[in-house]
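**Student:** Whatever this is, show me its structure:
(2 chains)
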Amino acid sequence: MDKTLRGKGAVIGIGELRPMRRRPDRTGIGLAAEVAIEAIADAGLLKEDVDGLITELALGEPAQLAEYLGIRPRWAHGVNMFGATGAIMLPLAVMAVSTGMANNVVCVINTPAGDVLPGMGAPNTYQANYEFPYGPGVAQNSNYAMIAQRHMFEFGTTQEQLAKIAVDQRFNAQANPLAAFYGTPLTLDDVMNSRMVSDPLKLLECVMPTTGAAAMVVTSADRAHSGPHPPVYLLGAGVSIEHGIPPAHAIKMVDTPVKHSARQAFQNAQLSPRDMNMLSLYDCYTITVAVSLEDAGFCKKGEVGDFAASTDFTYKGNLPLNTHGGQLSFGQSGLAGGFSHVIESVRQMMGRAGDRQVPKLDFCFVNG
Amino acid sequence: MADYTLPLPQPTILHQPMWDAFKQHKLVVQRCRACDMMFIFAREHCPRCWATDLEWYEVSGRGRLYTYTTVRQPAHPAFNELVPYVYAIVQLDEGPRLPSNLVNVPLDHVHVDMPLRVVWDDVTPEFTLPKFEPDPDGMARRLPHQTGAARIHASGVPAHTPAPA
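**Tutor:** Take a look at the predicted model:
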């Protein structure tokens, strides 16, 4: 008996809002409800069909959202795995539907509405005693800048090679009317000349915080063909944690736990990186994409600079990457930012990506 | 001193001995007496063997610049008037890495792997911050990452790792 999740559940519906800088006329839970209702309708289901609910732990706690929507799930879960929250919801939901805990699970992530505030909340005890007295940059800018700096030192990666990732993703966003930067193309010079925020990271290599929300409906394999759209099956998944956020504790700062999680996902799927027709990689910064490409096995460790320079990551290219624009061009609506990679992958696999549709699409790799 | 406006540490019972040692200009890390593991992030348990017999252990104060960034948009607004400045991860010769600042060096002289030594910044009567400056005697020392990076784990290395020559 196959103990993996391979083929045991599928996404059959999605809903997503266009990321915006502010939504003064809306509430956070209203955004969550809007995308949940959209995804349920997209799946061809009725309110009564939904018996499972997964939300981000913070704002849209399962009980609060269930009560708001007037649904009564028999299985529910709140989850917060930082940027990986959206990606991990898929295997969590398939675990539920493949074991009979629920038939149709709706997964929802939202941000508060109102204004988007840059910056950080109160420091935790680690930050208060080891980081804040020395003045780190806003958000995660310094941590990822230092990963980039170390990568450049160890492997000779250049700023232009990293910047090119942002340029290709912005090209993709020009074919995505939902993207925050739709209608605003970008050149390599634009990225290179943008304001330095934390050397070597420049402004246009960092995500822009937005408000927004996204949702998907996951169902079991035996129900997967009930809806109007082709089901998108989960074939393999892996999770790995090596250290907390402070990268000072990474064994090697240029390595990520993606090397473990990707290996398990490929093993479960009985596929390899060469089988993938497109990628959706978490992109809070350009360097994040770069090290994920290496650790997931799309190029060797240390070689991503040349790989990025010689690979066309656009939806027309030889290895389409973040075809929705990625968070860098789509916008980062809190933890829904990392969910956008899952939603776009599903949209592409269903053949509903419009002008940016990747042809001959059998398999897609997503991380968070 | 009274007008020091930057964020001060907020020690818990776990961190207070570290800040007490820093006040005496002693750079300390936590060390497990059971397995010799050394680490920066203060704990009640050793991350390798889970023993609770831990001590604060004085290290040499010498290390290398593991990586750095020049901050131009600080998380805390009090740092705004100091930009640009260097925020760094220092790898101590003994193995553990810690965040700090580089001082007494022009921005264009900063490079990854440069040898460093601790200098003390007595910012208030209660708190002294360890910062780092170029170490003119450091070039002769072997690089931490050449002395067995594979043995480094969770920001620390076993104390029985051969001392850098």
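
**Student:** In a helix, B:Y66, correct?
**Tutor:** No - B:Y66: not assigned to a helix; according to DSSP: H, G, I helix; E, B strand; the rest coil it is strand.

**Student:** tally of neighbours for it?
**Tutor:** Applying other C-beta atoms under 10 Å in any protein chain shown, we find 24 residues neighbouring B:Y66. (Each C-beta comes from the backbone N, C-alpha and C, glycine too.)

**Student:** residue contacts, it?
**Tutor:** A:R150, A:A248, A:M253, B:A88, B:I89, B:V90, B:Q91, B:R97, B:V112, B:P144 (C-beta atoms under 8 Å, 6 or more residues apart in numbering or on different chains).

**Student:** likewise A:G368?
**Tutor:** Contacts of A:G368 by C-beta under 8 Å, 6+ apart are A:M81, A:G83, A:A84, A:T85, A:G86, A:A87, A:I88, A:Y282, A:G338, A:H341, A:V342.

**Student:** again, but for B:H111
**Tutor:** By C-beta under 8 Å, 6+ apart, the residues touching B:H111 are B:L65.

**Student:** before we move on, back to that, which members of the contacts of A:G368 occur in helices, if any?
**Tutor:** Among the contacts of A:G368, DSSP state H puts A:T85, A:G86, A:A87, A:I88, A:G338, A:H341, A:V342 in helices.

**Student:** Verify the contact between the second one and A:E344 for me.
**Tutor:** Spelled out, that is A:G86. No - between A:G86 and A:E344 there is no contact under C-beta atoms under 8 Å: 10.8 Å.

**Student:** separation between the residue nearest to A:G78 when sequence neighbours are not counted and A:M89?
**Tutor:** Of all residues not flanking A:G78 in the chain, A:L57 sits nearest, at 4.1 Å (C-beta to C-beta, 6 or more residues apart in numbering or on different chains). Here the criterion is C-beta to C-beta, to the nearest Å. By it, A:L57 lies 12 Å from A:M89.

**Student:** which neighbours do the two share?
**Tutor:** A:V79.

**Student:** And the pLDDT for the residue of the stretch 201-350 of chain A found nearest chain B?
**Tutor:** Using C-beta to the nearest C-beta, the point where the stretch 201-350 of chain A gets nearest to chain B is A:H249, with a distance of 4.1 Å. Predicted confidence (pLDDT) for A:H249: 75.

**Student:** Spit out the contact partners of the spatially closest residue to A:V304 that is not a sequence neighbour.
**Tutor:** Leaving aside its chain neighbours, A:V304 sits nearest to A:A290 (4.5 Å; criterion: C-beta to C-beta, 6+ apart). A:A290 sits next to A:H151, A:T157, A:Q161, A:L162, A:I165, A:V304, A:G305, A:A308 when contact means C-beta under 8 Å, 6+ apart.

**Student:** which residues does the fourth one contact?
**Tutor:** Right, A:L162. Going by C-beta under 8 Å, 6+ apart, A:L162 touches A:A148, A:P200, A:E205, A:T286, A:I287, A:A290, A:G305, A:A308.

**Student:** Buried subset of those residues, written for ChimeraX?
**Tutor:** To isolate the buried members of those in ChimeraX, using 16 or more other C-beta atoms under 10 Å in any protein chain shown:
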select /A:148,200,205,286,287,290,305,308
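
**Student:** Give me the distance between the two termini of stretch A:308-316.
**Tutor:** One end of stretch A:308-316 to the other measures 15 Å (C-alpha to C-alpha, to the nearest Å).

**Student:** Quick check: mean pLDDT of that stretch?
**Tutor:** Averaged over stretch A:308-316, pLDDT sits at 98.

**Student:** how far out from the middle of the chain is that stretch?
**Tutor:** Centroid displacement of stretch A:308-316 relative to its chain, using C-alpha atoms, centre = their mean, to the nearest Å, is 19 Å.

**Student:** Next: stretch B:117-130.
**Tutor:** Distance of stretch B:117-130 from the chain centroid (C-alpha atoms, centre = their mean) equals 12 Å.

**Student:** May I see the buried residues of that stretch?
**Tutor:** For stretch B:117-130, the neighbour count (16+ other C-beta under 10 Å) marks B:R117, B:V118, B:V119, B:W120, B:F127, B:T128, B:L129, B:P130 as buried.

**Student:** quick revisit: would you confirm that the residue nearest to A:G78 contacts A:V79?
**Tutor:** Yes - in this structure A:L57 lies within contact range of A:V79 using C-beta under 8 Å: 6.1 Å.

**Student:** Which strands or helices does the helix or strand of chain B with the lowest mean pLDDT pack on?
**Tutor:** Across the helices and strands of chain B, mean pLDDT, DSSP states H and E gives its lowest value to strand B:38-39, namely a mean of 94. Helices and strands touching strand B:38-39, by 3 or more C-beta pairs under 8 Å, 6 or more residues apart in numbering or on different chains; DSSP states H and E, are strand B:28-32.

**Student:** For the chain, which segments count as helices?
**Tutor:** Chain wasn't specified; assuming chain A. Secondary structure of chain A (DSSP H): helices located at A:28-42, A:62-69, A:85-98, A:125-126, A:141-155, A:159-173, A:188-193, A:258-269, A:286-295, A:304-310, A:326-330, A:336-349.

**Student:** think we crossed wires, I meant chain B
**Tutor:** Taking DSSP H to define them, one finds helices in chain B at B:16-23.

**Student:** So for it, the centremost residue is which one?
**Tutor:** Within chain B, one residue has its C-alpha closest to the average C-alpha position: by C-alpha atoms, centre = their mean, that is B:L98, at 3.6 Å.

**Student:** per-residue confidence at the nearest residue to it once chain neighbours are set aside?
**Tutor:** Leaving aside its chain neighbours, B:L98 sits nearest to B:I40 (4.9 Å; criterion: C-beta to C-beta, 6+ apart). Looking at B:I40, its pLDDT reads 91.

**Student:** low pLDDT regions in chain A?
**Tutor:** Within chain A, the stretches with pLDDT under 70 are A:59-60, A:117-121, A:245-247.

**Student:** I meant to write chain B there.
**Tutor:** B:1-2, B:140-165.

**Student:** can you map out the strands along it?
**Tutor:** B:28-32, B:38-39, B:54-58, B:62-71, B:85-92, B:97-101, B:115-122, B:128-134 (DSSP state E).

**Student:** mind giving me TSV with those strands and columns for distance to A:D295?
**Tutor:** Listed next are the strands of chain B as TSV, based on distance: least, C-beta to C-beta, whole Å:
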stretch	distance to A:D295
strand B:28-32	29
strand B:38-39	24
strand B:54-58	32
strand B:62-71	18
strand B:85-92	20
strand B:97-101	20
strand B:115-122	29
strand B:128-134	30
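
**Student:** circling back: what strands flank the least confident helix or strand of chain B, and is each parallel or antiparallel?
**Tutor:** Sheet pairing of strand B:38-39 (DSSP bridges) gives strand B:28-32 (antiparallel).

**Student:** Quick one: work out the angle between the partner strand and strand B:97-101.
**Tutor:** Going by axes from the mean of the first three to the mean of the last three C-alpha atoms, to 10 degrees, strand B:28-32 is angled at 170 degrees with respect to strand B:97-101.
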